[in-house]
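*Asks:* Sequence first, then the predicted structure:
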Amino acid sequence: MRGGPRFRMIPGAPRPVAPFSHCVEANGWVFVTGQMPTDPMDPDAPLPEGIVAQTRRVMENLRLVLSGCGLGLEHIVQARCFLTEFERDYAAFNETYASYFPEDRRPARTTVGVTALAVGALVEIDLVAMRPEEEGK
């Protein structure tokens, strides 16, 4: 879609933990709100234990949002990652995150250590994706 912003809530994606859209699309760019490791089928369930399980859940939640826009992980151009236990979890997070992308197609990325995240999560990831040019015409 090209043109003005389109604010989207994706059916089946995780329940928002704050007042936001799952993503906003404008001129072929898709800005995906940071996803938490919550279960989209049971948003009140306890979070998965540990950074590996939480990273997997976040990546699957991101995949759900992207899929709702007709996109996939291959359309990601940039990711911002937030870790509450940076020194402890960084290596395991990297290994898990990297498993979602071919080595020659990894998005640009920034990872930041933070003091806390919503719902007591260990990790949150937001994204910028780009719709392929032919789909936007």
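*Replies:* Yep, that arrived. The model shown is predicted, which means the values in this text are computed figures rather than measured ones.
*Asks:* Spatially nearest residue to Pro132 (excluding sequence neighbours)?
*Replies:* Counting by CB to CB, 6 or more residues apart in numbering, Pro132 lies nearest to His75, which is 7.2 Å off, once chain neighbours are set aside. For the C-beta atoms, the positions are set from N, CA and C on the backbone; glycine is no exception.
*Asks:* other SSEs contacting the lengthiest helix in the chain?
*Replies:* Across the chain, the longest stretch assigned as helix under DSSP state H is helix 50-68. Applying 3 or more CB pairs under 8 Å, 6 or more residues apart in numbering; DSSP states H and E, one finds that helix 50-68 makes contact with strand 29-35, helix 86-98, strand 123-130.
*Asks:* would TSV of those with distance to Gly50 and mean pLDDT be doable?
*Replies:* Converted to TSV, the helices and strands packed on helix 50-68 look like this (distance: least, CB to CB, whole Å; pLDDT from 0 to 100):
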stretch	distance to Gly50	mean pLDDT
strand 29-35	17	96
helix 86-98	8	98
strand 123-130	10	98
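*Asks:* re earlier: since we're on the residue nearest to Pro132, how many residues are nearby?
*Replies:* Applying the criterion other CB atoms under 10 Å, we find 18 residues in the vicinity of His75.
*Asks:* got it, and the one 4 residues further on?
*Replies:* By the measure other CB under 10 Å, the count of residues near Ala79 is 23.
*Asks:* go on, Arg80?
*Replies:* By other CB under 10 Å, 15 other residues sit near Arg80.
*Asks:* Ok, Glu85 next?
*Replies:* Glu85 - counted by other CB under 10 Å - has 13 other residues nearby.
*Asks:* Please apply the same query to Ala13.
*Replies:* 22.
*Asks:* Wait, it touches Gly68, no?
*Replies:* Yes - in this structure, Ala13 is within contact of Gly68 by CB atoms under 8 Å, at 6.0 Å.
*Asks:* Can you name the residues bridging to the residue nearest to Pro5 when sequence neighbours are not counted?
*Replies:* For Pro5, ignoring the flanking residues on the chain, the nearest one in space by CB to CB, 6+ apart is Ala26 at 4.3 Å. Ala26 forms beta bridges with Trp29, as assigned by DSSP bridges.
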